[in-house]
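Undergrad: for reference, the sequence and a predicted model appear below.
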Amino acid sequence: MSKRIVIKIGSQVLCNQDGTLNLEVLSNLVEQLAEMCAGGWQVLLVSSGAVAAGNGLAGDRLQRISNPVARKQVMAAIGQVRLMETYRKLFEQQGLLVAQVLATKGDFQTRRHYLNMRGCIEALLSAGIVPVVNENDVVAVTELMFTDNDELAGLLAGMVKAGLLCFLTTVPGVYDGDPHDPATQCIECWDDARYQIEDIVLRGTSALGRGGMHNKLAIARKTAKLGVEVVVADGTDPQIMRRILGKEKAGTRFPVTGEVSSAKRWLASADDHATGSVTVNEGAEKALLDSHHLASLLPVGIIAVEGRFDHGDVIQILNPSGNVLGCGRARYDHEEATRLVGQHGQKPLVHYDYLYLVHSS
């Protein structure tokens, strides 16, 4: 396993109920992360808590702001200062330097932005500096917002080719039933053949933050397909990172189920902001999803082109029923794609090397 790790800490782990930062929990986690760095690990921290901390600091001043979006932006702007200053002090006590990285979904939309961000984070990690990443709530608008920091952590884990992604929450892991039922147990190792996301969520296990259990499970499974092991565990456990790295029983593990190239990792992060789409026929769908053969998307298998896209843009690929099969990087624009629809002997619209599929058989 690569000794590069992404650790996402939820706001409920970091903050007390009144919004103040839980310094005891934070200090303990930083101490464990410092041990990891001394042991050769490169640590990337995705930290929630800025909005909650800002709410705890702003007090009555927030009543003067009627717009709920602006109120959240103000809380984030205030809280981010306190959060980073706290991290700076705690890591400094351990002889480590931290760097603040604020991101929006727009940073993952184009290959250029993606590579720029990756280059910055790679440089920080190689210099022994701990990047502390958070969504830039001050400037993020709806279309540029992550579902939550779980999504951001999953994207970053794929971006930097992490060996491990840890979601630190306030529960021991993923339960196989209602957590209030004495017969319910924490799932030690997720198995797609045994467990279904919808089934698990319907049993009342969806109390894991803003994105909920459904979102966490979906991101964990998607990240595991990119070649990154994932663990969902209790961040308030004072020994949690030592236990996870020691391969002890700790939380729910999602073992690696696939491996993809750097380009496909980017496509996996860009699959929900494509600029256009193409619909393929049943034959093309079958060929693309056949995991035993490498297939590019050829014009002969396309039956419709939607939207305006240029060479290099990300486009979605839909089956005849309109379901998303995946996405890819277009090798030519929408006008040429439309002109070539259904034709034999033409160059691929999406080459296999730049094709990311949600599922394969």
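TA: That came in fine, so what should we check first?
Undergrad: ok, Arg253 - contacts?
TA: By C-beta atoms under 8 Å, 6 or more residues apart in numbering, the contact set of Arg253 is Glu188, Cys189, Trp190, Glu229, Val230, Val231. Glycine gets a C-beta too; all of them are placed from N, C-alpha and C.
Undergrad: quick one: secondary structure of it?
TA: Following DSSP: H, G, I helix; E, B strand; the rest coil, we place Arg253 in the strand state.
Undergrad: that one and Asp234, how far apart?
TA: With distances taken as C-beta to C-beta, to the nearest Å, Arg253 is found 14 Å from Asp234.
Undergrad: mind giving me the ChimeraX select for the contacts of Arg253, buried ones only?
TA: Entered in ChimeraX, the line below selects the buried ones among those, by 16 or more other C-beta atoms under 10 Å:
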select :190,229,230,231
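Undergrad: please enumerate the strands of the stretch 151-300 of the chain.
TA: Ranges of strands within the stretch 151-300 of the chain are 164-169, 229-234, 252-254, 276-280, based on DSSP state E, counting those that start in this stretch.
Undergrad: ok, back up a step: how about the contacts of Arg253 in TSV, adding distance to Leu102 and pLDDT?
TA: Converted to TSV, those look like this (distance: C-beta to C-beta, whole Å; pLDDT from 0 to 100):
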residue	distance to Leu102	pLDDT
Glu188	35	91
Cys189	34	91
Trp190	31	90
Glu229	27	96
Val230	24	97
Val231	25	96
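Undergrad: doesn't Asp237 make contact with Val171?
TA: No - with contact defined as C-beta atoms under 8 Å, Val171 does not reach Asp237; the gap is 10.7 Å.
Undergrad: more neighbours, those two?
TA: Val171 (22 against 17; other C-beta atoms under 10 Å).
Undergrad: what's the pLDDT at that one?
TA: At Val171 the predicted local confidence, pLDDT, stands at 86.
Undergrad: the protein - how does it break down into domains?
TA: Per automatic domain parsing, the structural domains of the chain span 4-262, 274-357.
Undergrad: what's the span of the shortest one, first residue to last?
TA: Meaning domain 274-357. Taking C-alpha to C-alpha, to the nearest Å, domain 274-357 runs 14 Å from one end to the other.
Undergrad: what's the answer for the longest one, then?
TA: End-to-end distance of domain 4-262 (C-alpha to C-alpha): 16 Å.
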